[in-house]
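In: dropping a prediction and its sequence here:
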Amino acid sequence: MPKKKPTKEVSSLKVGKPDSSGNMVIDLLAFGNEYAIYEIDTPDLNKKLRVLIDGYSNESEKELIQRFNTVKQGYIRAKGLLYRSPNFGMMKNRVAHTLASALSSEVAPTEDLFDKLIGEIEQEATQSVINRLLYISPSLLATILAAILAFYCVPSKDLHFQLAIALFGACLGGFLSILINLNKLHFEEYKWGLYFALGAERVFLALVAGSIALVLIEANILLPDLLPLDVWRTLTIAIVAGFSEQMVPSALTKIANRSDS
């Protein structure tokens, strides 16, 4: 017996072409002979996933619609939570394939089919927020401690005050760098301890960069025109060094040129 081919409407769905409603199709996530689940080009995440049901006959189409209606509420909930998922690409496929199994399975679907997936999306989103907080917590804690050390523990006329100010500036620069680049990182790939360690490593690099920059300038090796250093110059140098330790020389050169003008 020859295999059935997809219906004409299902077959017409092509990536890079509009669907019957004029929406541009950007991905075919799951499909069968009588249905398709696809993604359209729209900024609204709640409207990205679309479902097409086109039965061979009125009876088969009615059965598919009935199956869809059974899990519709769970599907809508899962689709509405996609914006909370840090891994939208993976989760949209899981939502699509869960719905596809409901439409094509020999066993009638149940209303709680999406409950497990919804729980996983919510758990993943919560863990991502926790991992973000763990990642920034070392730099936040170091910045607070450095500020207390600089402004409350070390006398302003003490020789160590300048070093305390440099440590505070380096922590502040590193903290700012972490916040700016936060959205470029993924926080669902590893365990929480690793993100805390990565955040601590970034703070350590900022402190080392700020300290080295200060020592080189005080030793008259780097940018001697900045000498003598006052509190504000020291703080600026440390912030720049902590913000981007790989760009310390060029950034400090710009500061020196500006101070000469």
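Out: Everything's here; your move. Remember, it's a predicted structure, so these values are computed and weren't measured experimentally.
In: that's a helix at residue 26, yeah?
Out: No. Assignment of residue 26 by DSSP: H, G, I helix; E, B strand; the rest coil gives strand, placing it outside any helix.
In: quickly note the distance from it to residue 38.
Out: 8 Å (C-beta to C-beta, to the nearest Å). The C-beta positions use only the backbone N, C-alpha and C, and glycine is treated the same way.
In: those two: which is more packed in?
Out: With neighbours defined as other C-beta atoms under 10 Å, residue 26 and residue 38 compare such that residue 38 has more, 23 against 13.
In: which other helices and strands contact the helix or strand that the more buried one is a member of?
Out: Following DSSP states H and E, the helix or strand that holds residue 38 is strand 35-40. On a contact count with 3 or more C-beta pairs under 8 Å, 6 or more residues apart in numbering; DSSP states H and E, strand 35-40 meets strand 25-31, strand 49-53, helix 88-104.
In: just the pLDDT at residue 242, thanks.
Out: Residue-level confidence at residue 242 comes out at 81, pLDDT.
In: the closest residue to it other than its chain neighbours: how many residues sit nearby?
Out: For residue 242, the nearest residue in space outside its immediate sequence neighbours is residue 173; the separation is 2.9 Å by C-beta to C-beta, 6 or more residues apart in numbering. Residues within reach of residue 173, counting by other C-beta under 10 Å, total 27.
In: same question for residue 70.
Out: Counted with other C-beta under 10 Å, the burial measure for residue 70 works out to 16 neighbours.
In: do residue 106 as well
Out: 4.
In: doesn't it belong to a helix?
Out: No. Inclusion of residue 106 in a helix is not indicated when three-state DSSP is applied; the result is coil.
In: show me the protein divided up by domain.
Out: Here the domain parsing of the chain from automatic domain parsing is 8-109, 123-260.
In: ok so, going back, contacting residues around the residue nearest to residue 242?
Out: Shown here is residue 173, whose contacts under the criterion C-beta atoms under 8 Å, 6 or more residues apart in numbering are 206, 210, 238-244.
In: please name the bridge partners of the nearest residue to residue 52 once chain neighbours are set aside.
Out: With sequence-adjacent residues excluded and distances taken as C-beta to C-beta, 6+ apart, residue 52 is closest to residue 36, at 4.5 Å. The bridge-partner assignment for residue 36, based on DSSP bridges, gives residue 31, residue 52.
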